[in-house]
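Enquirer: I would like to see how this sequence folds:
(4 chains)
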Protein chains: 2
Amino acid sequence: MTDTHSDDVRPVQPLQPEQLGTYFALMEAVSLLQHQVEQQLRAEGDISYVQFQLLARLAHGPGPLTMTDLADGVVYSRSGLTYQAGLLEKAGLITRGPAPDDDRATLVTLTGAGRALVARVLPGHVEVSRRLLFDPLTDDDVRHLGDIMTRVRDHMRARPPRSAAPRKRQRS
Amino acid sequence: MTDTHSDDVRPVQPLQPEQLGTYFALMEAVSLLQHQVEQQLRAEGDISYVQFQLLARLAHGPGPLTMTDLADGVVYSRSGLTYQAGLLEKAGLITRGPAPDDDRATLVTLTGAGRALVARVLPGHVEVSRRLLFDPLTDDDVRHLGDIMTRVRDHMRARPPRSAAPRKRQRS
DNA sequence: TATTGTTATACTCTATAACTATA
DNA sequence: TATAGTTATAGAGTATAACAATA
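Expert: As a prediction, this is how the structure comes out:
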């Protein structure tokens, strides 16, 4: 009954207790952090964390994004993004327009108000994360944590093909 | 001894770019992980992650918990917990009964079915976290991550008085 | 045929406030 | 008065499927 997986170099090791503890600590800490962050964003900008992510992604990048590119990793269904984009557009934070090179696509552009909102909310956002996340950490901790989570994120993003893509039955 | 740094003696430092990158990498990685984990729990046990947390907390501990203790850090409003407990009880996974030492409290007990469900779902859960979170990490990474997140979690849990306690601010 | 995006709809979940009962 | 829990209800958010238009 030894289920030795051959697709992995490691020995069987179903996950050491230490790993399970690490996993739960990670999930709980981030859950608490998320909750506080949501409070701050709602209080100071009247937006959700998802909406902040979408705006921040637009503010950080060089220009407009298509709906699909914008959704990537933030919203996990097409309709979910359309819903959020509708709210943001109604609030005057983004605009949606046609894409020159692909008539199917919609280009999402950050408005001045949208950019201003990000700028207005970011300091408090940063302050919350500093107080709750970084305060108990040394500089070395932060470096290591950044390195670890970047690797994990890239690892996860590499696995599924596309976030908003529906599961399609296609024989390769 | 939770704070390695002195209280607020730091210079202003609005948060270095490296910290901001670390923060976003953390949030995005955990968001992706959460989504995959929810899929697994829904598929194999037809429960949400919140419900899994409540069951796991009961399964891990030595006995029944009061509603408030059960909610701590998982659900952030009393009614939210009552709602989830109602679902779990209706599904036969927990029972609710009176508490001997405090007639206001409700003791939540895991049923056999509840314990069995946790046992049935845990392997797949562990497998997902192993594949998505631990695969790209070395043993040293895991150790450091566990240490970091434990410290962060304890730091955050120390701040608010009680999770399910409503914010009572007496305004005249 | 596949992909991009929207709409309609049903559903889950959360939070606020009012309420009861006990400490 | 404060705390533990429930209820009612409203609102936000998500996912599925059907749809139209374009590649």
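Enquirer: check what pLDDT A:Glu18 gets.
Expert: Looking at A:Glu18, its pLDDT reads 85.
Enquirer: helices or strands up against the host helix or strand of it?
Expert: A:Glu18 is part of helix A:17-45 when elements are defined by DSSP states H and E. Other helices and strands packing on helix A:17-45, by 3 or more Cβ pairs under 8 Å, 6 or more residues apart in numbering or on different chains; DSSP states H and E, are helix A:49-60, helix A:112-129, helix B:17-45, helix B:112-129, helix B:139-158. Any C-beta I mention is one placed from the backbone N, CA and C, and that applies to glycine too.
Enquirer: for A:Met149, find the nearest of those helices.
Expert: Ranking these by distance to A:Met149, with Cβ to Cβ as the measure, places helix B:17-45 first at 4.0 Å.
Enquirer: low-confidence regions, chain A specifically.
Expert: Along chain A, segments meeting pLDDT under 70 span A:1-16, A:159-172.
Enquirer: just want the most central residue of it.
Expert: Closest residue to the average C-alpha location of chain A: A:Val74 at 4.5 Å, with Cα atoms, centre = their mean.
Enquirer: ok, and what's touching stretch A:68-79?
Expert: With Cβ atoms under 8 Å, 6 or more residues apart in numbering or on different chains as the test, stretch A:68-79 has contacts from A:50, A:53-54, A:57-58, A:67, A:80-81, A:84-85, A:105, A:108, A:157, A:162-164, A:166, B:28, B:31-32, B:35.
Enquirer: export that stretch as CSV, just CAs?
Expert: Taking C-alpha atoms only, stretch A:68-79 is exported to CSV below (Å, rounded to 0.1, in the frame of the first residue of the first chain):
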residue,chain,number,x,y,z
THR,A,68,-9.4,39.2,-19.6
ASP,A,69,-5.9,40.6,-18.8
LEU,A,70,-7.4,42.7,-16.1
ALA,A,71,-9.2,39.8,-14.5
ASP,A,72,-6.1,37.5,-14.5
GLY,A,73,-5.6,36.2,-11.0
VAL,A,74,-8.1,38.6,-9.4
VAL,A,75,-11.5,37.4,-10.5
TYR,A,76,-12.2,33.9,-11.5
SER,A,77,-15.2,34.2,-13.7
ARG,A,78,-15.9,36.4,-16.7
SER,A,79,-19.2,37.5,-15.3
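Enquirer: next one: that stretch to chain centre, how far?
Expert: Remark: stretch A:68-79 is offset 10 Å from the chain centroid, using Cα atoms, centre = their mean, to the nearest Å.
Enquirer: repeat that for stretch A:28-47.
Expert: The chain centroid and the centroid of stretch A:28-47 are separated by 14 Å under Cα atoms, centre = their mean.
Enquirer: stretch A:49-63 now?
Expert: 10 Å.
Enquirer: ok, and what's touching it?
Expert: Residues from elsewhere that reach stretch A:49-63, judged by Cβ under 8 Å, 6+ apart: A:34, A:37-38, A:41, A:45, A:47, A:64-65, A:70, A:74-75, A:84-85, A:87-88, A:93-94, A:108-110, A:114-115, A:117-119, A:121-122, A:125.
Enquirer: okay, and A:Arg96 sits in which element?
Expert: Assessed by DSSP H and E, A:Arg96 sits inside strand A:94-98.
Enquirer: tell me, how many residues neighbour A:Tyr49?
Expert: Number of residues near A:Tyr49 (other Cβ atoms under 10 Å in any protein chain shown) recorded here: 19.
Enquirer: who's in contact with A:Leu65?
Expert: A:57-58, A:107-108.
Enquirer: again with A:Met149
Expert: B:22, B:25-26, B:29.
Enquirer: any idea how far the residue nearest to the centre of chain A lies from DNA strand C?
Expert: 13 Å (Cβ to the nearest atom of the strand, to the nearest Å).
Enquirer: could you look up the SS state of that residue?
Expert: coil (DSSP: H, G, I helix; E, B strand; the rest coil).
Enquirer: number of nearby residues for A:Glu89?
Expert: For A:Glu89, using other Cβ under 10 Å, the count is 15.
Enquirer: return the closest of the contacts of A:Met149 with respect to DNA strand D.
Expert: For those, the residue nearest DNA strand D by Cβ to the nearest atom of the strand is B:Ala29; the value is 16.9 Å.
Enquirer: run the chain-centre distance for stretch A:45-62.
Expert: Relative to the centre of its chain, stretch A:45-62 is centred 10 Å away, using Cα atoms, centre = their mean.
Enquirer: the strand holding A:Arg96 near DNA strand C anywhere?
Expert: Yes: counting by Cβ under 7 Å from any atom of the strand, DNA strand C has neighbours in strand A:94-98: A:Arg96.
Enquirer: note down every partner strand of the helix or strand just after that strand and its orientation.
Expert: Per DSSP H and E, the first helix or strand lying C-terminal to strand A:94-98 is strand A:106-110. In the sheet, strand A:106-110 lines up against strand A:65-66 (antiparallel), strand A:94-98 (antiparallel) (DSSP bridges).
Enquirer: that'll do, ta.
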